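Chemist: when you get a sec, could you give me coordinates for this:
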Amino acid sequence: MTATIRQRLLFLQQQSALEKEAVLNWWVHYVKDDLDGFYGEVDRWNKPLPMAPKGLVLYSRILWAFSAAREAGTPPVFREMADRAYRYLLKNFEDRQYGGMYWSLTANGLPLQDKKQVYGQAFSIYGLSEYARVTGLAEPAEKAAALFQLLEEYGRDPVRGGYLEAFTRDWIPVPDMRLSEKDANEKKTMNTHLHVLEAYTSLYRISPSAPLAAAIRSLFCVFRDHIIDPATYTMGLFFTEEWELRSSRISFGHDIEASWLLCEAADCLGDPEWQNYFNKQASLMAERAMWGMDADGGLMDELDVVTGFVNREKHWWQQAESMVGLLNAYQLTGEEHYLSLAEKNWNFIRNSIIDHENGEWLWGRNEDGQVMEKGKAGFWKCPYHNVRACLEISRRCAELLGNADGQMKPG
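Modeler: A predicted model of the protein is given here:
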């Protein structure tokens, strides 16, 4: 490894560590409510909206972020934030009658949407597993395992593979399965499967079992056989129950996010065949995702491959995932241009996404480069993508700097 590359990696490592602390401290100061939880929404000027609904994804991601960030020397308040999220999840979101977690609550903590969205259950598993890992407590691991059993019993398609999107409170499929208003109403989506895989990987890390390993391998097959286009190394977004593609759009951020999450899952499972397969796929997926990198280093939103229309908005989460995916590709290949692209993306984050005056990251930039007038915290804006990116960047830079001979991971 040259001295110049070592300096570049050290810079990224130091900057990511500082940014992680800054983001988490913002959440400590601005998002705790006056009762026992967190505000459902905080605007871009750090003003809370006390009557905003509370989302399962928000609480699960808060739990994950403050759990994952616990390491030597971190302030005790990080553990307090994780504890607070954990208590509120079990007290207010957990359905003690039918199992699983409600999708959303009122500002007062009462069920608002009591449906069981598989995406939300997955993030609950993700947060609970990480909390169990860092605390050593048995209860959160047991809760995560129970959610896994529910998804396997009610959510999984035993004939065609994969998972359906949404169910009633008592686990009957619902007519409207959309995750959000902008999504297509289809029974299977790339997004949910990606985060079920992420959640199962997190659970396997603390409680490995044969059924869980089988479920992860089944998800690998879903991505290989149905979701990833072998010709373009991009992913389809929406599918019928029979895995017929129902979208002509590709999401640059999801493609590069999947490129490293699939590697992580295969590594966690310790399966050499899948490790080799996804290590080879990762750099190809990351390279194709760079179709969406603009001249300023920001990763754009989506491309419609039929019409050619490009949504040039640049959201905060796409930039976070781009950084990790590019560093993963650099680790796998040793090709310096991936490191250069990661640095270019980091410069865009520093110059256009981080709110240096008010803290946290902006939602994003419009096509004309103006700030998107959306909140800093809310149903979807959580300390997850950016905190995780900072943790991953710091860890991966440390791994690379520890390789005195400069060797990369085998591809």
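Chemist: quick one: buried residues of stretch 270-287?
Modeler: 271, 274-275, 277-279, 281-287 (16 or more other C-beta atoms under 10 Å). Backbone N, C-alpha and C define where each C-beta goes, glycine included.
Chemist: got the contact list for it?
Modeler: With contact meaning C-beta atoms under 8 Å, 6 or more residues apart in numbering, stretch 270-287 is reached by 217, 220, 224, 228, 233-234, 255-256, 258-260, 262-263, 265-267, 325-326, 328-329, 332-333, 335, 338, 409-411.
Chemist: out of these, which are inside strands?
Modeler: Judged by DSSP state E, strands contain none of these.
Chemist: and those residues, which of them are in helices?
Modeler: Taking DSSP state H as the definition of helices, those contribute 217, 220, 255-256, 258-260, 262-263, 265-267, 325-326, 328-329, 332-333, 338.
Chemist: out of these, which end up buried?
Modeler: Looks like the ones in helices among the contacts of stretch 270-287 have 217, 220, 255-256, 258-260, 262-263, 265-266, 325-326, 328-329, 332-333, 338 buried, using 16+ other C-beta under 10 Å.
Chemist: quick check: which element contains Ser247?
Modeler: Ser247 is part of no helix or strand, with elements assigned from DSSP states H and E.
Chemist: quick one: it from Glu343, how far?
Modeler: Ser247 is 32 Å from Glu343, where distance means C-beta to C-beta, to the nearest Å.
Chemist: swap in Gly308?
Modeler: Going from Gly308 to Glu343 by C-beta to C-beta gives 30 Å.
Chemist: the more surrounded of the two?
Modeler: Glu343 (16 against 7; other C-beta atoms under 10 Å).
Chemist: what are the buried residues along stretch 222-239?
Modeler: Using 16+ other C-beta under 10 Å as the test for burial, stretch 222-239 gives 222-223, 226-228, 233-239.
Chemist: who touches stretch 336-344?
Modeler: The contact list for stretch 336-344 (C-beta under 8 Å, 6+ apart) reads 5, 8-9, 12, 283, 286, 290, 293, 297, 322-323, 326-327, 329-330.
Chemist: next one: stretch 143-155
Modeler: 90, 94, 99-101, 116, 118, 121-122, 124-125, 128-129, 132, 163-164, 167, 171, 196, 200, 203, 207, 211-212, 215.
Chemist: in a markdown table, list the buried residues of stretch 270-287 along with distance to Cys397 and pLDDT.
Modeler: Formatted as a markdown table, those follow (distance: C-beta to C-beta, whole Å; pLDDT from 0 to 100):
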| residue | distance to Cys397 | pLDDT |
| --- | --- | --- |
| Asp271 | 26 | 96 |
| Trp274 | 26 | 98 |
| Gln275 | 22 | 98 |
| Tyr277 | 26 | 98 |
| Phe278 | 22 | 98 |
| Asn279 | 19 | 97 |
| Gln281 | 23 | 97 |
| Ala282 | 18 | 97 |
| Ser283 | 18 | 95 |
| Leu284 | 23 | 97 |
| Met285 | 21 | 98 |
| Ala286 | 17 | 98 |
| Glu287 | 21 | 97 |
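Chemist: identify the farthest-apart pair in those.
Modeler: Asp271 and Glu287 (24.2 Å; C-beta to C-beta).
Chemist: what helices or strands is the longest helix along the chain leaning on?
Modeler: Assignment by DSSP H gives helix 3-30 as the longest helix of the chain. Helix 3-30 is packed against helix 56-68, helix 76-88, helix 336-348, helix 385-402, with contacts defined by 3 or more C-beta pairs under 8 Å, 6 or more residues apart in numbering; DSSP states H and E.
Chemist: ok and the longest one relative to helix 56-68, angle-wise?
Modeler: When you say that, I think you mean helix 385-402. Relative orientation of helix 385-402 versus helix 56-68 (axes from the mean of the first three to the mean of the last three C-alpha atoms, to 10 degrees): 30 degrees.
Chemist: now do the buried residues in helix 385-402.
Modeler: 385-394, 396-397, 400.
Chemist: how about the third one?
Modeler: Buried residues in helix 336-348, counted by 16+ other C-beta under 10 Å: 338-339, 341-346, 348.
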